[in-house]
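Chemist: coordinates only, no sequence provided:
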């Protein structure tokens, strides 16, 4: 996500040469590509098309859209600079009906910093609580590089009696994560059906994970975390689920017990398919790639998804070995740069407006604007096509009916409708 500026800086104009080099390495090294990477993703017409969902509204760098689980038909939109807006979910909603729910001070010095994610407490309708993930801190001596002061914060907030305006003075910090660089912050928050909070964190930034955070389970970076935000001891900000893979300190000394899965580069957006009951693929993670690959993973507890030993299915640092020694999990989809350059994860669709999308995972690419549909069965790709374009898609959201929305840096929120007859 948000890689338009950082891609050029990281690659230094060498993307085509590096792409060819990676293909040579893959062939000589005997590394096989998934079918989705070996063939370009085809385009299909007549599936669905994006239109502005709220023609009267514009937002500044919207990075998230969320529906509160309180029985109301409302939406909350996050702006990267720290503002959250709430409004009725109607196509003809006007600017006058939009409420500024919060104006939070966040760090925005780097392109990928700011207000990054929101999750409503499962009992939001009763307690009015929600959680935010945002960037903060600075170090004047090293303003553009690693900084001990720079960090990501996951915090609990409370709304007013109308469950709309967020009280900034209600903040209780749950977790603070040092961020050595200004990119690859991750940012997603989501509750699973287990009512536990899942948190997406990137590898800490720069290029190539220079400190190898994603393979180091003694830190939280490059991972999906899972915590219990309603601990039995109210003096503690959270508790560790006892079945987390590194919860036992005797078996895993030094490992962070918050980790649910790891070996990820920048899982900017992930989601749960809530119709999936315990089977493979209930947690979909779109992981933004380095030079030549983007990937979609079906994430399970304790899985190591390979970064930086490999990028997608291709070797990146092939002489390194996972520690602890485990088998690396392969991505469901491995996209080459000809198809995508900065992946934006979405949702499995279960709405009613677009029957042709039923059961498909909908995601996009920030750089090309392509919107994709993906179907899988037992961990194998059954259908994978791109069917629309939206300029700079940064995030997806669902309303209470399961209809899908796409946030764009052109300032609009888009929705998908069945193709119109011409």
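Modeler: All right, it came through fine. Quick caveat, the model's predicted, so the values are computed rather than measured.
Chemist: and the gap between residue 222 and residue 290?
Modeler: For residue 222, the distance to residue 290 equals 12 Å [C-beta to C-beta, to the nearest Å]. Every residue, glycine included, has its C-beta placed from N, CA and C.
Chemist: which neighbours do these two share?
Modeler: residue 265 (C-beta atoms under 8 Å, 6 or more residues apart in numbering).
Chemist: what about residue 379, distance to residue 189?
Modeler: Distance from residue 379 to residue 189, counting by C-beta to C-beta: 26 Å.
Chemist: okay, these two: which has more neighbours?
Modeler: Using other C-beta atoms under 10 Å as the criterion, residue 379 and residue 189 rank with residue 189 on top: 23 against 11.
Chemist: got the buried residues for stretch 370-379?
Modeler: Neighbour counts over stretch 370-379 (16 or more other C-beta atoms under 10 Å) mark 370, 371, 372, 373, 374, 375, 376 as buried.
Chemist: returning to that earlier point: please identify which of residue 222 and residue 290 sits among more neighbours.
Modeler: Comparing residue 222 with residue 290 by neighbour count (other C-beta under 10 Å), the higher total belongs to residue 222, at 30 against 22.
Chemist: so that one sits against residue 214, correct?
Modeler: Yes: using C-beta atoms under 8 Å, residue 222 is in contact with residue 214, at 2.7 Å.
Chemist: now for the two: what residues contact both?
Modeler: 203, 262, 263, 264, 265, 307.
Chemist: tell me if I'm right that the second one and residue 226 touch.
Modeler: No: taking C-beta under 8 Å as the contact criterion, residue 262 and residue 226 are not neighbours in contact, 11.6 Å apart.
Chemist: neighbour count: these two, which is higher?
Modeler: Taking neighbours as other C-beta under 10 Å, residue 262 and residue 226 compare with residue 262 leading, 32 against 23.
Chemist: got any ranges where the stretch 251-400 of the chain has weak pLDDT?
Modeler: For the stretch 251-400 of the chain, the stretches flagged by pLDDT under 70 are 275-281.
Chemist: do that again at 90, thanks
Modeler: 274-282, 291, 323-324, 378 (pLDDT under 90).
Chemist: what's the answer for the stretch 1-150 of the chain, then?
Modeler: Residues of the stretch 1-150 of the chain meeting the criterion pLDDT under 90: 1-40, 109, 137-149.
Chemist: and the helices in it?
Modeler: Ranges of helices in the stretch 1-150 of the chain, per DSSP state H, counting those that start in this stretch, are 4-11, 15-28, 35-38, 124-127.
Chemist: just the buried positions in the last one, please.
Modeler: By 16+ other C-beta under 10 Å, the buried positions in helix 124-127 come out as residue 124.
Chemist: adjacent strands (with direction) for the longest strand anywhere in the chain?
Modeler: Longest strand in the chain, counting residues (DSSP state E): strand 166-178. Strand 166-178 has its sheet partners listed here by DSSP bridges as strand 151-159 (antiparallel).
Chemist: how far off centre is the partner strand?
Modeler: Averaging C-alpha positions (C-alpha atoms, centre = their mean, to the nearest Å) puts strand 151-159 17 Å from its chain's average.
Chemist: quick one: mean pLDDT for it?
Modeler: For strand 151-159, the mean per-residue pLDDT is 97.
Chemist: contacting residues around it?
Modeler: With C-beta under 8 Å, 6+ apart as the criterion, strand 151-159 contacts 101-102, 116, 127-137, 165-168, 170-179, 185-187, 189, 197, 199, 201, 229.
Chemist: out of those residues, which end up buried?
Modeler: Buried among these by 16+ other C-beta under 10 Å: 101-102, 116, 128-137, 166, 174-175, 177-179, 185-187, 189, 197, 199, 201, 229.
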